[in-house]
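Asker: sequence first, then the predicted structure:
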Amino acid sequence: MPEPVRRLCIITADDFGLHPAVNEAVESAHRAGVLTATSLMVGAAAAQDAAHRARALPALRVGLHLTLSDGRAVLPRDEIPDLVDADNRFHDNMVSAGWRFFALPRVRAQLAAEIRAQFARFAQLGLKLDHLDAHQHFHLHPTVLALALRIGREFGLRAVRVPAEPDHLATRLLLPWLTLMRARLRRAGMACNDQIFGLAHSGAMDEARLLQILAALPAGVTEIYLHPATRSGSAIAPSMPHYRHSDELGALLSPAVRSALSAPALQLGGYADIDAFRSGTHP
């Protein structure tokens with residue numbers, strides 16, 4: 001009789017620290033036994049509260065949600081004037097920012113300083129670094145990724161999210177970038193996921209959607225990321241008017257979802273568990 005297909009599932013909440021309602025949701029979803037990981041925005045208003053909660057949840061894997069768009073910088077504006085506006089928020093145009101990261105050494109130096117500051121802030125919060133990802137997946141940018149890998153290694157970085165969702169249009173369009181990303185991660189000795197779910201229905205990962213994904217979960221390492229909160233939409237952030245944060249929390253608290261995660265040969269964990277899973281030594 002053939003052995004069942006082995007799967008490692010990492011269920012992550014993004015935007016930890018963005019709002020107290022996000023932090024409350026992360027804690028409750030993890031305590032319910034479904035949420036295994038989260039990604040922390042160290043420059044966000046509720047980051048200290050998030051870190052306080054995470055320190056009381058030793059099994060919760062916490063990564064750095066590197067923020068270089070749609071958020072506030074860690075460094076003051078006088079140190080990174082080309083990255084932020086008068087309110088110390090990153091510029092909204094990611095295409096323009098990405099071009100300047102690549103082409104202008106002055107801007108690239110400021111970018112490196114801000115990335116270092118975010119890793120340092122994470123370390124100061126007393127958390128063990130599980131992985132790196134980025135708000136709006138900006139770490140797909142080759143310059144951002146190269147800097148994050150070089151700087152992150154100094155802070156113990158060992159794993160990085162690859163935002164590649166099966167059969168998703170964006171994944172097909174970005175295939176050259178994703179291929180380059182995986183090659184760089186291999187050379188850097190970084191663990192990464194085989195696939196991800198959450199791109200196609202960002203902000204709408206409700207119970208039905210999550211159950212559908214789990215029913216056809218591929219082999220290997222899969223990350224499913226959500227944006228849970230006890231409130232929804234613009235109450236969390238102006239850039240998320242249509243996000244159904246509360247529905248996503250409901251999915252994570254669903255008994256049906258918890259039952260689906262008890263399937264044979266399905267393991268739950270974080271990015272720190274990938275190497276053991278691949279070697280067959282994961283408990």
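Answerer: Everything's here; your move. Numbers count the residues shown, from 1 in each chain.
Asker: list of residues touching the element among helices and strands of the chain having the smallest mean pLDDT?
Answerer: For the chain, the helix or strand with the lowest mean confidence is helix 169-173, at a mean of 91 (criterion: mean pLDDT, DSSP states H and E). Contacts to helix 169-173, defined as C-beta atoms under 8 Å, 6 or more residues apart in numbering, come from residues 163-165, 178, 199. (C-beta placed from N, C-alpha, C; glycine too.)
Asker: tabulate the residues you listed (TSV), appending neighbour count.
Answerer: Formatted as TSV, these follow (neighbours: other C-beta atoms under 10 Å):
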residue	neighbour count
Pro163	24
Ala164	23
Glu165	18
Leu178	17
Leu199	16
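Asker: looking at those, spot the one nearest Leu111.
Answerer: Pro163 (19.6 Å; C-beta to C-beta).
Asker: can you report how many residues lie near the closest residue to the closest one other than its chain neighbours?
Answerer: Nearest residue to Pro163 in three dimensions, chain neighbours excluded: His137, at 4.5 Å (C-beta to C-beta, 6 or more residues apart in numbering). Other residues near His137 number 18, with proximity taken as other C-beta atoms under 10 Å.
Asker: then Met94?
Answerer: 17.
Asker: that one and His139, how far apart?
Answerer: 12 Å (C-beta to C-beta, to the nearest Å).
Asker: strands along the stretch 151-283 of the chain, start to end?
Answerer: Secondary structure of the stretch 151-283 of the chain (DSSP state E, counting those that start in this stretch): strands at 195-197, 220-226, 266-268.
Asker: give me the contacts around the second one.
Answerer: It refers to strand 220-226. Applying C-beta under 8 Å, 6+ apart, the set of residues contacting strand 220-226 from outside is 6-14, 37, 39, 161, 192-198, 205, 210, 213, 248, 251-252, 274, 277-278.
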